[in-house]
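Student: structure here, sequence nowhere to be found:
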Ligand code: CAA
């Protein structure tokens, strides 16, 4: 996106090793899943790399775009990792160690909800398992008309554990979430838009332009109001009406103070 400069966070070579590329262009960070020859399959290094990007994001970044190079957004976990007899996996025998292991990987996803940034998933082709969950971790999903979302984990004997179950249920409801996960069927773009999994569907060759337009619109809005509004909207589902009304008042006081310099 525009003239990109490299980050001062994780080294470029380290990110490349993890199948990632990071470009910083003013207030916009673009994170690219960059193993197209493997359909952007992700390893533990990918998730640790995403967490490192989140930790080291420069303060001026307001929008983060997550995209995939090549025909697919991401084919999910790198299945090659299963063939080494589970080497590198926490195997569950030590529950506490396994809990810590998964929590560390989840950090690659959780930072995308931070209120100081708006995150946009630009999705095309396959978004399977961990890839689907990555799209779900973002605030807004813009997808190409060739997109297929699939929560494959139960079909492989596992559960989705990269923070995707909460947004999935919140977006599509418990019945649809169960049906999608327990059949591991693929949701095509038109259905995805209908059930709320995508905010926008565009022809494949219009995806980059649609994301650019969205980013431009997001950046045109007052930065402080953006942060406060994201914080507010993300707590709405859990709050009672009274709690949410109080939260609106608190945020508005902050906005008014900033606007009138008090
Ligand atoms: N891991 C490792 N390699 C993968 C991969 C994956 N998840 N997905 C694709 N690849 C590789 C293929 O093996 C192939 O390699 P070669 O060229 O060496 O043969 C290359 O990428 C291209 O793949 P395809 O030729 O299959 O490309 P396609 O466009 O015809 O199909 C696809 C794409 C539908 C994604 C298909 O590759 C596929 O079904 N991949 C597996 C998807 C999957 O089951 N992912 C795991 C989901 S579960 C999860 O993510 C979370 C968890 O915790 C378990």
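Tutor: Alright, I've got the coordinates. This one's a predicted model, so the numbers in the text were calculated from it and none came from an experiment.
Student: near the ligand, which residues of the stretch 1-150 of the chain?
Tutor: 38-39, 41, 71-72, 75-80, 126, 128-130 (Cβ under 6 Å from any ligand atom). Every C-beta, even on glycine, is put in place using the N, C-alpha and C of the backbone.
Student: can you list the domain ranges for the chain.
Tutor: What the record gives for the chain is the domain set 5-219, 223-260, from automatic domain parsing.
Student: just name the most buried of those domains.
Tutor: The highest mean neighbour count among the domains of the chain, using mean count of other Cβ atoms under 10 Å, belongs to domain 5-219: a mean of 18.
Student: quick revisit: hmm, which two among the residues of the stretch 1-150 of the chain next to the ligand are most spread apart?
Tutor: Farthest apart among those by Cβ to Cβ are 71 and 80. That separation is 19.0 Å.
Student: quick one: list the elements packing against the helix or strand hosting residue 243.
Tutor: Using DSSP states H and E, residue 243 falls within helix 241-260. Helix 241-260 sits against helix 223-236, with contacts defined as 3 or more Cβ pairs under 8 Å, 6 or more residues apart in numbering; DSSP states H and E.
Student: what pLDDT, on average, does the helix it packs on get?
Tutor: In this model, helix 223-236 has a mean pLDDT of 97.
Student: likewise stretch 64-78?
Tutor: Mean predicted lDDT for stretch 64-78 stands at 98.
Student: list the strands paired with the host helix or strand of residue 142, with their directions.
Tutor: According to DSSP H and E, residue 142 maps onto strand 140-144. Here strand 140-144 is paired, per DSSP bridges, with strand 118-123 (parallel), strand 200-202 (parallel).
Student: who's in contact with the last one?
Tutor: This means strand 200-202. Contacting residues not belonging to strand 200-202 are listed as 141-145, 147, 189-190, 192-193, 209-210, 214 [Cβ atoms under 8 Å, 6 or more residues apart in numbering].
Student: go with 10 Å
Tutor: Applying Cβ atoms under 10 Å, 6 or more residues apart in numbering, the set of residues contacting strand 200-202 from outside is 120, 122-124, 140-147, 188-190, 192-194, 206-211, 213-214.
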